[in-house]
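1. coords below, sequence missing:
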């Protein structure tokens with residue numbers, strides 16, 4: 001099943017009767033025009049106070065836009081530089 005961001009059918013099919021402990025994404029924060037669909041998908045597949053989200057990405061100077069939007073839905077956002085210009089953000 002391919003996960004199409006913001007698509008009700010795939011989100012519901014994937015998340016039906018499931019609590020995810022961890023959602024992991026890599027190199028997803030490159031296109032600000034799709035951030036709302038990406039964030040909607042992550043939020044709908046997450047369980048508050050249960051699911052942890054890890055996003056790895058190279059610096060493109062767009063990630064702050066996404067992380068600011070995500071702060072409306074996640075209480076904890078932590079960004080760690082794992083290599084020069086490579087970051088992992090933890091959302092919970």
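-> Done, it's in. From a predicted model like this one, the values you see are computed outputs, not experimental measurements. Residues are numbered from 1 along each chain as shown.
2. list the buried ones in the helix ranked longest in the chain?
-> Counting residues, the longest helix found in the chain (DSSP state H) is helix 35-45. Residues of helix 35-45 classed as buried under the neighbour-count rule (16 or more other Cβ atoms under 10 Å) are 35, 38-43, 45. For the C-beta atoms, the positions are set from N, CA and C on the backbone; glycine is no exception.
3. ok, now how distant is residue 69 from residue 88?
-> Separation of residue 69 from residue 88 (Cβ to Cβ, to the nearest Å) stands at 18 Å.
4. grab the most central residue of this protein for me.
-> Note on the chain: the residue nearest the mean C-alpha position is residue 42, at 5.0 Å, using Cα atoms, centre = their mean.
5. can you name every helix or strand that the longest helix of the chain contacts?
-> The helices and strands touching helix 35-45, judged by 3 or more Cβ pairs under 8 Å, 6 or more residues apart in numbering; DSSP states H and E, are helix 8-15, strand 22-26, helix 63-70.
6. any chance of these in JSON lines, with mean pLDDT, distance to residue 55 and mean neighbour count too?
-> What follows is the helices and strands packed on helix 35-45, written out as JSON lines (pLDDT from 0 to 100; distance: least, Cβ to Cβ, whole Å; neighbours: other Cβ atoms under 10 Å):
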{"stretch": "helix 8-15", "mean pLDDT": "88", "distance to residue 55": "18", "mean neighbour count": "13"}
{"stretch": "strand 22-26", "mean pLDDT": "97", "distance to residue 55": "5", "mean neighbour count": "12"}
{"stretch": "helix 63-70", "mean pLDDT": "97", "distance to residue 55": "8", "mean neighbour count": "16"}
